[in-house]
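Trainee: need coordinates for the below:
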Amino acid sequence: MENRESFGTRLGFILVSAGCAIGLGNVWKFPYICGQNGGAAFILLYLVCLAVLGWPILISEFAVGRASQHSVAKAFYDLEPKGTHWHRYRWFGIVGNYLLMMFYTMVAGWMINYALRSLTGRMQGMEPDQIAEAFSGMLLSPVEMTVFMVIAVLLAFGICSKGLQNGVERITKAMMLCLIVLMIVLAVHSLMLPNMSEGLKFYLVPDFGKFAEIGFGNVLFAAMSHAFFTLSVGIGAMEIFGSYLSKERRLTGEAFHILLLDTFVALMAGVIIIPACFAYGVQPDSGPSLLFITLPNVFNHMAGGRIWGTAFFVFMSFAALSTVIAVFENILSMTMEVFHWTRKKAVRNNIIGVIVLSLPAVLGYNVLSGIQPLGAGSTIMDFEDFLVSYNILPLGSMLFVLFCMSKNGWGWDNFLQEVDTGVGMKYPRFVRQYVRFGVPAIIIIIYLKGYYDMFYETAALAFWMCVAVAFLALIFSFTISKKKKQ
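Mentor: Below is the predicted model:
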């Protein structure tokens, strides 16, 4: 049997795991969610939610991975008590990873496309309506979208084909270090823009009056939701890196360092984007169009805008590709374990599989635009994102926590022994009951409110809420111990 691969350095583990967490949610979604919810006041709530919700889930995933030394496809088989059925969860992980890549590879392709457009000067001198038309034109072109999606897939799988240390760790380390340098350079430039002080004040000085204006409950829910989704937990994408980790250090401290790096990138993205928006009279809460329509307009008004635009979209490409590489590594590990393939065979088969699976999202903006699964104006990508973000990630995260804390799961004692093996920060014992009951309760609230917010204006609200409750019942059925027949 082939020996299990492992990280060459501790820094490699931290940067690769952080690269998985640091995706488009940090550098695309965070600034405009922050803008929508009052800036600095929202950030304070977000940091609290990250500590009380994201951190314990991340530790649980790492613990399951390191204890089992397997991907999510086999981890529960190794750790579950005899007679229980936790291994059924593997399908959440397997399906979730593929579903995520069915649209994320396309969006990574958008970033690479825009980096090339900025580099070659194609965006220079365009009027605002021309920039909007250029983005629409890209979405309407199935050939252009497919080409850049395939480029993203080939780049990421090419890196993964070199193995954990020589490919994933080596390239992601370099990419993450470049990403951090690019962020610092872009942030310094943003702080030197004229009239940027109002943007910085909005971003860094808490205005608690915004809570009353927007509604504290709405801001708190936005902070909880983003803290939950930003870490890529719930599908085993973090669990796989725990399986490659040595026993030298305790997991609580390692998860904390990844949390810090993930938060640093999100906050720095806001420093890059929000002062620039204020400097040029742009609303920082303009949604996803901020990236592909609003910011190219901003760069066109800057001195050296072509250079800064290229640097920004290269940075965005690194953020997207770091997540794609991490999830591809998980997909490869799962298929290698399930089908007993070599890494090369797993890469070859998955390249074809992921490209084919990514085509519906690509074609959903043009050839298949008539398919609107979530109602008028929705796309196939919206539906795939809904399945992952609103279902698999929260329910999967809850399963990891329940598995680690439940008496009929892996259990507190086994979990604690694994987490506290090595040197470093110890897991706080006093949070046991909170993690066992509080974290699942918060996840259920986020999950059900997510469904409500998605469908509350539709006639099918009652139907979709029943679907949500049915999924919850399915998850809790996994936690019930059933003795096998003798």
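Trainee: so who does the residue nearest the centre of the chain touch?
Mentor: Centroid-nearest residue in the chain: residue 232, 3.9 Å away (criterion: Cα atoms, centre = their mean). Contact partners of residue 232, counting by Cβ atoms under 8 Å, 6 or more residues apart in numbering, are 20-21, 23, 238, 323, 326-327, 393. For glycine as for every other residue, the C-beta is placed from the backbone atoms N, C-alpha and C.
Trainee: and the residues you listed, which two are furthest apart?
Mentor: Spatial extent of the contacts of residue 232 (Cβ to Cβ) is set by the pair 326 and 393 at 14.6 Å.
Trainee: now the lowest-mean-pLDDT helix or strand in the chain, how far from the centre of its chain.
Mentor: When each helix and strand of the chain is scored by mean pLDDT, DSSP states H and E, helix 289 comes last, with a mean of 71. In terms of Cα atoms, centre = their mean, to the nearest Å, the centre of helix 289 is found 19 Å from the chain centre.
Trainee: mind listing residues that contact that helix?
Mentor: Counting by Cβ under 8 Å, 6+ apart, helix 289 makes contact with residue 135, all of which sit outside it.
Trainee: show me which helix runs longest in this protein.
Mentor: Longest helix of the chain, by residue count under DSSP state H: helix 305-339.
Trainee: same question for that one, mean pLDDT?
Mentor: Helix 305-339 shows an average pLDDT of 93 in the prediction.
Trainee: ok, and for it, which residues are buried?
Mentor: By 16 or more other Cβ atoms under 10 Å, the buried positions in helix 305-339 come out as 305-306, 308-337.
Trainee: show me where pLDDT drops low in the stretch 151-300 of the chain?
Mentor: Within the stretch 151-300 of the chain, the stretches with pLDDT under 70 are 284-288.
Trainee: which parts of it are helices?
Mentor: 170-191, 197-204, 209-214, 216-229, 239-243, 251-279, 289, 295-301 (DSSP state H, counting those that start in this stretch).
Trainee: those helices: which one's closest to residue 54?
Mentor: Nearest to residue 54, of all the helices of the stretch 151-300 of the chain, is helix 216-229, at 5.1 Å by Cβ to Cβ.
Trainee: list of residues touching the closest one?
Mentor: Contact partners of helix 216-229, identified using Cβ under 8 Å, 6+ apart, comprise 25, 29-30, 33, 36-38, 41-42, 45-46, 48-50, 53-54, 57, 210-211, 389, 393-394, 397, 442-443, 446, 449-450.
Trainee: buried only: go through these for me.
Mentor: Of the contacts of helix 216-229, these count as buried by 16+ other Cβ under 10 Å: 25, 29-30, 33, 36-38, 41-42, 45-46, 49-50, 53-54, 57, 210-211, 389, 393-394, 397, 442-443, 446, 449-450.
Trainee: taking those one by one, which sit in helices?
Mentor: 30, 33, 36, 41-42, 45-46, 49, 57, 210-211, 393-394, 397, 442-443, 446, 449-450.
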